[in-house]
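In: Sequence and computational prediction follow.
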Amino acid sequence: MKHIIYILLLLLITSCQFFETDKIATETFYEEEMKTIDWKRVDQYPAFSNCENYTEKEAQKDCFINTLSNHVYGALQQQNIFVTKDIHDTIYLDFYVHKNASLEVTKVAIDSTLSHMFPIMENWLIDGVSGIKLVAPAYKRGIPVETKFTLPVVIQTGN
């Protein structure tokens with residue numbers, strides 16, 4: 001009987017190791033978490049006042065792009081532009097949205113023909129965008145992040 005008690009006691013003492021859990025170091029957890037984050041995508045797009053109520057990511061993106069496009073096209077429509085031949089060209093505007101929700105045009109790529117016809121086109125676009133106010137920047141995991149966007153602006157006259 002003594003032997004059985006010793007064996008049970010020995011099994012009880014050695015079996016405790018099976019109930020221990022492995023501890024994960026904070027650094028290891030952090031490194032693994034950082035690997036899973038897609039840094040090329042945001043969780044929430046920058047928002048204009050008319051886009052605040054959208055909760056779905058695609059709707060936020062569409063609202064952001066449409067509002068930005070409308071401002072750009074509105075800025076161009078305010079100019080008295082007269083052309084003598086048909087134009088079909090694309091201008092690319094690079095935007096930078098800061099963490100404080102300010103919007104900045106970082107680059108305007110205009111074809112040489114179009115810039116020759118309208119030498120101040122770049123100024124028109126930058127001035128038209130400078131008055132745009134965002135109410136929120138982009139967010140990643142609840143933290144405001146800086147983002148970059150490229151907006152193609154199609155310039156077309158005639159048919």
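Out: That came in fine, so what should we check first?
In: Now do the buried residues in the longest helix along the chain.
Out: Of all segments of type helix in the chain, defined using DSSP state H, the longest is helix 57-77. Going by neighbour count (16 or more other Cβ atoms under 10 Å), the buried part of helix 57-77 is 60-61, 63-64, 67-68, 71-72, 75-76. No exception for glycine: its C-beta is placed from N, CA and C like everyone else's.
In: Tabulate those (TSV), appending pLDDT and distance to Glu146.
Out: Listed next are these as TSV, based on pLDDT from 0 to 100; distance: Cβ to Cβ, whole Å:
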residue	pLDDT	distance to Glu146
Gln60	92	17
Lys61	92	17
Cys63	94	20
Phe64	92	15
Thr67	92	19
Leu68	90	16
His71	87	20
Val72	86	21
Ala75	83	24
Leu76	82	27
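In: mind giving me JSON lines with these and columns for distance to Thr90?
Out: Formatted as JSON lines, the buried residues of helix 57-77 follow (distance: Cβ to Cβ, whole Å):
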{"residue": "Gln60", "distance to Thr90": "25"}
{"residue": "Lys61", "distance to Thr90": "20"}
{"residue": "Cys63", "distance to Thr90": "22"}
{"residue": "Phe64", "distance to Thr90": "20"}
{"residue": "Thr67", "distance to Thr90": "20"}
{"residue": "Leu68", "distance to Thr90": "16"}
{"residue": "His71", "distance to Thr90": "17"}
{"residue": "Val72", "distance to Thr90": "12"}
{"residue": "Ala75", "distance to Thr90": "16"}
{"residue": "Leu76", "distance to Thr90": "13"}
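In: Which of those sits closest to Ala101?
Out: Phe64 (11.9 Å; Cβ to Cβ).
In: Measure how buried the residue lying closest to that closest one once chain neighbours are set aside is and give me the count.
Out: Leaving aside its sequence neighbours, Phe64 sits nearest to Tyr45 (Cβ to Cβ, 6 or more residues apart in numbering; 4.8 Å). Look at Tyr45: counted by other Cβ atoms under 10 Å, it has 24 neighbours.
In: Understood, closing this out.
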